[in-house]
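Participant: Sequence plus predicted model, see below.
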Amino acid sequence: MIVSASRRTDIPSYYSDWFCNRIKEGFYYVRNPMNAHQISKVSLSPELVDCIVFWTKNPIPMLNRLDELRDYDYYFQFTLTGYDKDVEQNLPDKHEVLVPAFRKLSEKIGSQRVIWRYDPILINEKYTIQYHIEEFRKMAYSLQGYTRKAIISFVDLYEKTKRNMADLHMLELGEEQMKDLAGQIAQIARECGMVVESCAEKIDLESVGIKHGHCIDKELIEEITGCSMDGKRDGQREACGCLACEEMGTYNTCKNGCRYCYANFNYAAVKESVKTYDPDSPLLCGTIGPHDRITERKVKSLKKPKDDQLTLADYMK
């Protein structure tokens, strides 16, 4: 199985103690967001976990704990954008703190295993097309040699994100404007030895050199693990091509305060949720009540049997 840690919250930044305790104990609990009383117990046995995918805007709290993952394969999706605190409220300085953190993480685990996410892209009077081009260029040159891939997307306007971003007065881009911006980003990335892929975008950007990407990336996981994977497509969104995974996080627990975030209702809900955080609990934020039902999730490795693995000799035939 693939473990997502996490699309719902920033585990490396805020919950690394909890995560490492879960690794030590070999399991975690996760509440079903569609059924509040249904809790799954998910094994973290190295024999079952094929790869862990981390999602973060600040990995610094985990940089000195990576040795605790010695029995696992993993990679990081590192979101690093040009927004100020009016959009991403609680992040350290991008160029003074987070770019150096990106480089340090890459030095520790390799450029193959740190994916740069410059997303989502939103446009308003402050964050113009030209602003994004200039910020992407500055960051791309700062990260040259520290990553192989950048992922972009344009902001999705869910109802709750519309509410949270109402005062940003966003401007809607037409398809040609999207392609022009994406094409300039792709050109800058090529200058820095990176490829650019899109994340769950309906628009086809291949004409400007950008393919549809997969955040839970089968090819990358196979490259990292050295094994073929027999997984299914996630299917959360029509344009998403990710492998299916097991989520580790909980909604309304991320303290980054990003205005575009789909995983938080609002910051007040987050403050209430994090009051229940216990790094020793198998459940990330929240308590187990008398009406909760805990069931063990049936999970398995996606690695194909050795007889099904293609060797170099097979390719040469």
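Facilitator: That came through fine.
Participant: Pick out the residue nearest the middle of this structure.
Facilitator: Central residue check for the chain by CA atoms, centre = their mean: the C-alpha nearest the mean position is that of W55, 3.2 Å away.
Participant: Where does that residue sit, in terms of helix or strand?
Facilitator: Of the helices and strands defined by DSSP states H and E, W55 is found in strand 51-56.
Participant: in its sheet, what does that strand sit against?
Facilitator: Sheet pairing for strand 51-56, assigned by DSSP bridges, gives strand 2-5 (parallel), strand 74-79 (parallel).
Participant: Deepest-packed of these, please.
Facilitator: When the strands paired with strand 51-56 are scored by mean count of other CB atoms under 10 Å, the highest mean neighbour count falls to strand 2-5 (a mean of 24). C-betas here are computed from N, CA, C, even on glycine.
Participant: Who are the packing partners of the host helix or strand of K104?
Facilitator: Assignment of secondary structure by DSSP H and E places K104 within helix 99-109. Judged by 3 or more CB pairs under 8 Å, 6 or more residues apart in numbering; DSSP states H and E, helix 99-109 is in contact with strand 74-79, strand 114-121.
Participant: which parts of that helix are buried?
Facilitator: Buried residues in helix 99-109, counted by 16 or more other CB atoms under 10 Å: 99, 101-103, 105-106, 109.
Participant: from these, which single one is nearest S142?
Facilitator: Within the buried residues of helix 99-109, proximity to S142 (CB to CB) peaks at V99, which comes in at 4.9 Å.
Participant: and that closest one, what is it in contact with?
Facilitator: The neighbourhood of V99, defined by CB atoms under 8 Å, 6 or more residues apart in numbering, consists of 80, 139, 142-143.
Participant: again, only using 10 Å
Facilitator: By CB atoms under 10 Å, 6 or more residues apart in numbering, the contact set of V99 is 80, 93, 138-139, 142-143, 146.
Participant: and of the residues you listed, the nearest to S281?
Facilitator: For S281, the nearest member of those is L80. The distance, counting by CB to CB, is 30.6 Å.
Participant: do you know how far the closest one is from H132?
Facilitator: Taking CB to CB, to the nearest Å as the measure, L80 falls 13 Å from H132.
Participant: Next: A166.
Facilitator: 21 Å.
Participant: now E172
Facilitator: Computed as CB to CB, the E172 to H132 distance reads 15 Å.
Participant: The two: which is more packed in?
Facilitator: When neighbours are counted by other CB atoms under 10 Å, H132 comes out ahead of the other of E172 and H132, with 21 against 8.
Participant: Which strand or helix spans that one?
Facilitator: Since the elements are taken from DSSP H and E, H132 ends up inside helix 129-142.
Participant: Mind checking the pLDDT average for that helix?
Facilitator: The average of the pLDDT scores along helix 129-142 is 98.
Participant: again with stretch 212-231
Facilitator: Predicted confidence along stretch 212-231 averages 93 (mean pLDDT).
Participant: okay, that stretch in PDB with CA atoms only?
Facilitator: Below are the C-alpha coordinates for stretch 212-231, written out as PDB (Å, rounded to 0.1, in the frame of the first residue of the first chain):
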ATOM      1  CA  HIS A 212      -0.600  15.600 -16.700                       C
ATOM      2  CA  GLY A 213       1.200  14.500 -13.500                       C
ATOM      3  CA  HIS A 214       0.500  12.100 -10.700                       C
ATOM      4  CA  CYS A 215       1.300  13.100  -7.100                       C
ATOM      5  CA  ILE A 216       1.000   9.500  -6.000                       C
ATOM      6  CA  ASP A 217       3.300   8.600  -8.900                       C
ATOM      7  CA  LYS A 218       3.400   5.000 -10.000                       C
ATOM      8  CA  GLU A 219       6.500   5.500 -12.100                       C
ATOM      9  CA  LEU A 220       8.400   7.400  -9.400                       C
ATOM     10  CA  ILE A 221       7.500   4.800  -6.700                       C
ATOM     11  CA  GLU A 222       8.700   2.000  -9.000                       C
ATOM     12  CA  GLU A 223      11.900   3.900  -9.500                       C
ATOM     13  CA  ILE A 224      12.400   4.500  -5.800                       C
ATOM     14  CA  THR A 225      11.500   1.000  -4.700                       C
ATOM     15  CA  GLY A 226      13.000  -0.900  -7.700                       C
ATOM     16  CA  CYS A 227       9.700  -2.900  -7.900                       C
ATOM     17  CA  SER A 228       6.700  -2.900 -10.200                       C
ATOM     18  CA  MET A 229       3.500  -1.800  -8.600                       C
ATOM     19  CA  ASP A 230       0.100  -3.400  -9.100                       C
ATOM     20  CA  GLY A 231      -2.100  -0.600  -7.900                       C
END
